[in-house]
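Enquirer: My questions concern the predicted model and sequence given below.
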Amino acid sequence: MFNKILIANRGEIACRVITTCRRLGIATVAVYSDADRNARHVRLADEAVHIGAAPAAGSYLRADVILDAARRTGAQAIHPGYGFLSENAGFARACADAGVVFIGPPASAIDAMGDKSAAKALMQAANVPLTPGYHGDRQEPGFLHAQADAIGYPVLIKASAGGGGKGMRKVEASADFEAALASCQREAQAAFGNAHVLVEKYVERPRHIEIQVFGDSQGNVVYLFERDCSVQRRHQKVLEEAPAPGMTPERRAAMGKAATDAARAVGYVGAGTVEFIAGPDGDFYFMEMNTRLQVEHPVTEMITGTDLVEWQLRVAFGQPLPKTQEQLRIHGHALEARLYAEDADRGFLPSTGTLRHLRLPQTNANVRVDAGVEQGDAITPYYDPMIAKLIVWDVDRDRALQRMQRALAQCQVVGVTTNAAFLRRLVMTDSFHHANLDTALIERERDALDIQHNAATPADWALAAVLASNENAAVSDNASPWAINDSWRLTGPAARSITLEQLQQQHVLKVRRSSEGWQVQIGNEMQQVTGHAGANGYTLQIGDRLYRGNALRNGNVLHVFGDERQQRFTLHDPVAEADNANDHGGSLLAPMPGRVVTLLVEPGSTVTRGTPLLVMEAMKMEHTLQAPADGTVHGFRAKAGDQVGDGAVLVDFEATQAS
């Protein structure tokens, strides 16, 4: 086995590979950019080498620098993780030329499957079912538009060179095709350096089912069953599970055979995933092959009792596959949720910042957490905003689902906005609970996923008011009464007014300390709160209900964590808000750091609420900034191509009085 490997990646996958290497006694070398100097994968590895600037193009995509790091540290092999150089045939060849083992498939297999159009032709020759569409080389917009019209709408435009949902759009009507095509090509060029696309028939109510395959250099190929990855947003996976609900043994065998046929057709070695679109009628069609380990590989590991990274290392070293097809079995059910720094209620906008507080579920035989960050680390605008993957296992789907609900409730993050509450609402929807799965599930369950379902109850408001007043009071450990800011008065307890807002509801609450605890007045209603609230958490009773948890304040935001619910309240300071309004009144701010791609309206335009004003690119995705109300765009503070920071003024906007 290898003595030392270099991991040409970052974040949770780098940490994941290090975990297996430690167990096998293999030394590891991490690489890091300027932004990752103090990252978790750097801290965990035995050695670490700096490889360049924060943008991936100046570091993690620099094959020459990474190979030089391997040479200088004596690494015998390179594990590419996923993303970055993992599916780069040129890098695989460069490794071979340098005498370093590439822990992945041969460059020829990456070439064969890296171009979706060419891969479709190969699969057709191997009798693997294909979706109807145009997979050729002609890329003139008018020609592609005509092909889409001939196929019939809806169609799917897909970047030929990439994956992960980038450069992909569903088009419902002919009139929308050219704008969607231009957006796909821009995104594909930015992400993969190749604007080539293909156009396919969009399968209605499709399920996204992928088969994990593995090959060795002795010619053996097996499949480790399937994963259902149908729950997606923007064509990126949100929840994954294995095995796929409702999968019959016959259909599993047919899909497994198609996947292994696809792998054999390109002489595949190592870990790969063959992805299929499955229709409601039981038919399935080859979509693409990812020539690398997948983000969702842990659910396969949980149901098969395997370590796929160990398999990768053994196969790359020249050993045969650890198991035959007949030895592989499915045991139980596993689910994975991706915890991201993103605002699900604002179009899944990425969120950046320092993780001021991070508490994730305790791991055990049923709960696994793969994380690339720890408390105090930063989520930067340069890379994917994943915080962690939560993976749960149990003997059947219902029990695994209960464990996932509990695991999501235990996530506590302060410093960035996360999708934890959204994920919890998602796994509790009727569609997901009853395994009524397809790629439109999130859209179909929009009402159930509405953030209003997380609206605070009167008890929540009272709880937040007590915790906010307590947090403000505990500003000093000085025993002097002059150092305690708790609204005490000589003539008796005074009421402290606290203004809180949540989901556009605002209340002025009056909190009085009493011998029995606190009295909280909301309008004409009075709530009696008893118990304890301190630095180590709270145990408070309101009526006949006991609440336990902890609360943290970050700036003017109060985070209240409990056993079952997590709430976020804004604390209003009228003086500070008046100053801020004077500074930025009548302007729209950048929701995150990024690059302005294009301006969509002319200065002086009168627009309605929701009108797209400009397109930004951040974290490898395009985001459209829309008019917040009916009004007038007086001008732009940035032009196409400009890099802007979080909170930068982008648009001078004036809302109409009626808005």
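Expert: Received it, and whenever you're ready, just let me know what you need.
Enquirer: Double-check residue 414 against residue 552; I have them as touching.
Expert: Yes: using C-beta atoms under 8 Å, residue 414 is in contact with residue 552, at 5.0 Å. C-beta here means a position set from N, CA and C on the backbone, and glycine is covered the same way.
Enquirer: so what sits against both of the two?
Expert: Jointly contacting residue 414 and residue 552 under the rule C-beta atoms under 8 Å, 6 or more residues apart in numbering are 356, 357, 559.
Enquirer: Just want the phi and psi numbers for the last one.
Expert: As for residue 559, its main-chain torsions (degrees, to the nearest 10) stand at phi -100, psi 120.
Enquirer: what's the neighbour count on it?
Expert: Counted with other C-beta atoms under 10 Å, the neighbours of residue 559 add up to 22.
Enquirer: Looks like it contacts residue 566 (just checking).
Expert: Yes: assessed by C-beta under 8 Å, residue 559 is found in contact with residue 566 at 7.3 Å.
Enquirer: Give me the common contacts of these two.
Expert: Common neighbours of residue 559 and residue 566 (criterion: C-beta under 8 Å, 6+ apart): residue 412.
Enquirer: So which residue is smack in the middle of the chain?
Expert: For the chain, the residue nearest the mean C-alpha position is residue 340 (4.2 Å; C-alpha atoms, centre = their mean).
Enquirer: Low-confidence stretches in the stretch 351-500 of the chain?
Expert: 471-494 (pLDDT under 70).
Enquirer: Please, where are all the strands along it?
Expert: Ranges of strands in the stretch 351-500 of the chain, per DSSP state E, counting those that start in this stretch, are 353-354, 357-359, 367-371, 378-379, 386-394, 412-414, 496-502.
Enquirer: Could you pull out the helices in the stretch 51-200 of the chain for me?
Expert: 63-73, 89-97, 107-114, 116-125, 141-151, 177-192 (DSSP state H, counting those that start in this stretch).
Enquirer: Taking helix 89-97 as reference, get the angle to the third one.
Expert: Between the axes of helix 107-114 and helix 89-97, defined by axes from the mean of the first three to the mean of the last three C-alpha atoms, to 10 degrees, the angle is 170 degrees.
Enquirer: Show me what counts as buried in helix 107-114.
Expert: Under the neighbour-count criterion of 16 or more other C-beta atoms under 10 Å, helix 107-114 has 107, 109, 110, 111, 112, 113, 114 buried.
Enquirer: Then stretch 206-222?
Expert: 206-217, 221-222.
Enquirer: Which of the residues you listed sits closest to residue 512?
Expert: Proximity of the buried residues of stretch 206-222 to residue 512 (C-beta to C-beta) peaks at residue 208, which lies at 55.3 Å.
Enquirer: So the closest one versus residue 198, what's the distance?
Expert: Note on residue 208: its distance to residue 198, by C-beta to C-beta, to the nearest Å, is 17 Å.
Enquirer: Residue 630 too?
Expert: Look at residue 630 and residue 198: by C-beta to C-beta, they are 40 Å apart.
Enquirer: who touches residue 382 in this structure?
Expert: Neighbours of residue 382 in contact, by C-beta under 8 Å, 6+ apart: 33, 35, 54, 55, 56.
Enquirer: can I assume the second one is in contact with residue 52?
Expert: I take that to be residue 35. No: applying C-beta under 8 Å, one finds residue 35 not in contact with residue 52, separated by 10.3 Å.
Enquirer: before we move on, the earlier item: pull the most distant pair out of the contacts of residue 382.
Expert: 35 and 56 (9.8 Å).
Enquirer: Overlap in contacts, these two.
Expert: Common neighbours of residue 35 and residue 56, using C-beta under 8 Å, 6+ apart, are 382, 383.
Enquirer: among the strands of the stretch 351-500 of the chain, which is the most enclosed?
Expert: Mean neighbour count (mean count of other C-beta atoms under 10 Å) peaks for strand 386-394 among those, with a mean of 24.
Enquirer: Check which helices and strands it sits against.
Expert: helix 11-24, helix 297-304, strand 333-340, strand 367-371, helix 397-409 (3 or more C-beta pairs under 8 Å, 6 or more residues apart in numbering; DSSP states H and E).
Enquirer: If we use 10 Å, what do you get?
Expert: Where contact means 3 or more C-beta pairs under 10 Å, 6 or more residues apart in numbering; DSSP states H and E, strand 386-394 is packed against helix 11-24, strand 236-242, helix 297-304, strand 333-340, strand 367-371, helix 397-409, helix 420-427.
Enquirer: could you redo the ones you listed as CSV and give each row distance to residue 348?
Expert: As requested, those are exported to CSV (distance: least, C-beta to C-beta, whole Å):
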stretch, distance to residue 348
helix 11-24, 19
strand 236-242, 9
helix 297-304, 22
strand 333-340, 8
strand 367-371, 20
helix 397-409, 17
helix 420-427, 9
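Enquirer: Mind checking the ones you listed for the one nearest to residue 572?
Expert: Each of the helices and strands packed on strand 386-394 has some distance to residue 572 by C-beta to C-beta; the shortest is helix 420-427, at 21.9 Å.
Enquirer: just the angle between that closest one and strand 386-394, please?
Expert: 30 degrees.
Enquirer: Alpha carbons of helix 420-427, as PDB, please.
Expert: Extracted C-alpha coordinates of helix 420-427, given in PDB (Å, rounded to 0.1, in the frame of the first residue of the first chain):
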ATOM      1  CA  ALA A 420     -30.900  23.600   8.300                       C
ATOM      2  CA  ALA A 421     -34.400  24.800   9.000                       C
ATOM      3  CA  PHE A 422     -35.300  24.400   5.300                       C
ATOM      4  CA  LEU A 423     -33.900  20.800   5.300                       C
ATOM      5  CA  ARG A 424     -35.900  19.900   8.400                       C
ATOM      6  CA  ARG A 425     -39.100  21.200   6.800                       C
ATOM      7  CA  LEU A 426     -38.200  19.300   3.600                       C
ATOM      8  CA  VAL A 427     -37.800  15.900   5.200                       C
END
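Enquirer: Can you mark which positions in that helix are buried?
Expert: The neighbour-count check on helix 420-427 (16+ other C-beta under 10 Å) flags 420, 421, 422, 423, 424, 425, 426, 427 as buried.
Enquirer: which of those residues lies closest to residue 280?
Expert: Among these, and counting by C-beta to C-beta, the member closest to residue 280 is residue 426, at 21.3 Å.
Enquirer: tell me, how many neighbours does residue 356 end up with?
Expert: By other C-beta under 10 Å, the residues close to residue 356 number 16.
Enquirer: cool, residue 24 as well?
Expert: Other residues within reach of residue 24, judged by other C-beta under 10 Å, total 14.
Enquirer: My understanding was that it contacts residue 311; is that so?
Expert: No: using C-beta atoms under 10 Å, residue 24 is not in contact with residue 311, being 11.6 Å away.
Enquirer: Show the end-to-end separation of stretch 452-463, please.
Expert: The straight-line separation of the ends of stretch 452-463 (C-alpha to C-alpha, to the nearest Å) is 19 Å.
Enquirer: buried residues in that stretch?
Expert: Neighbour counts using 16+ other C-beta under 10 Å place 454, 456, 459, 460, 461, 462, 463 of stretch 452-463 among the buried residues.
Enquirer: among those residues, which are in helices?
Expert: Using DSSP state H, the subset of those located in helices is 459, 460, 461, 462, 463.
Enquirer: Pick out whichever of the buried residues of stretch 452-463 sits closest to residue 280.
Expert: Closest approach between the buried residues of stretch 452-463 and residue 280, by C-beta to C-beta: residue 454, at 32.1 Å.
Enquirer: Is it correct that the closest one is in contact with residue 505?
Expert: No: using C-beta under 10 Å, residue 454 is not in contact with residue 505, being 11.9 Å away.
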